[in-house]
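A.B. asks: fold the following and give me the result.
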Amino acid sequence: MISTKGRYALRVMIDLAEHDNGEYIPLKEIAARQDISKKYLEIIVKDLVHAKLVTGASGKGGGYRLCRAPKDYPVGEILEATEGPLATVACLAPDADPCPRAGVCRTLPLWTDLDKMIHDYFYGKTLQDVAESVSPAFLSVNSSQL
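C.D. replies: Numbers count the residues shown, from 1 in each chain. Reported below is the predicted structural model:
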């Protein structure tokens, strides 16, 4: 399950993509637009900076910006930067010890297939794909404004 932290990280990245003008974007502006606590966003952007997904600058004119084009960010990379591995079961996590039952486990193929589907889905979508998508709920609520 993707936590609030992962979902908010994706929202931050979308916000940075949508408001990219070459300048650093202050975190307080992102927090206001996304209706997320600035304190919580500080924790999230720290992970994003550590993963080299965004770059930050402090002081006047400071804030955050993307390190590369939105089309070059797989959604899976963003989620893993804040969530850790997206493995569905512990034995398939990248740092898991080899399972002594792997050779006889009847459910391992099921979990392996699910992990592959999740990986392929999140790594098959980019930040640009998500930023450009419009949800049906948004369209029904805002169709008069389009």
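A.B. asks: which SSE is residue 32 in?
C.D. replies: Element membership for residue 32 (DSSP states H and E) is helix 27-34.
A.B. asks: for that helix, which positions count as buried?
C.D. replies: 27, 30-31 (16 or more other CB atoms under 10 Å). C-beta coordinates here come from the backbone N, C-alpha and C atoms, glycine included.
A.B. asks: C-terminal to it, what's the next element?
C.D. replies: Next along from helix 27-34, by DSSP H and E: helix 38-50.
A.B. asks: low-confidence regions, this structure specifically.
C.D. replies: Residues of the chain meeting the criterion pLDDT under 70: 134-146.
A.B. asks: which parts of it are helices?
C.D. replies: 4-18, 27-34, 38-50, 75-83, 108-123, 127-132, 136-142 (DSSP state H).
A.B. asks: remind me what the second one packs against, helices and strands.
C.D. replies: I take that to be helix 27-34. Counting contacts by 3 or more CB pairs under 8 Å, 6 or more residues apart in numbering; DSSP states H and E, helix 27-34 packs against helix 4-18, helix 38-50, strand 63-66.
A.B. asks: and if you look at the shortest one?
C.D. replies: Contact partners of helix 127-132 among helices and strands, from 3+ CB pairs under 8 Å, 6+ apart: helix 4-18, helix 75-83.
A.B. asks: residue 133 is nearest to which of those?
C.D. replies: helix 4-18 (9.7 Å; CB to CB).
A.B. asks: so which bits of the closest one are buried?
C.D. replies: For helix 4-18, by 16+ other CB under 10 Å, it's 6, 8-17.
A.B. asks: returning to that earlier point: redo the helices of the chain as CSV? Include distance to residue 90.
C.D. replies: What follows is those, written out as CSV (distance: least, CB to CB, whole Å):
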stretch, distance to residue 90
helix 4-18, 18
helix 27-34, 32
helix 38-50, 22
helix 75-83, 15
helix 108-123, 10
helix 127-132, 28
helix 136-142, 35
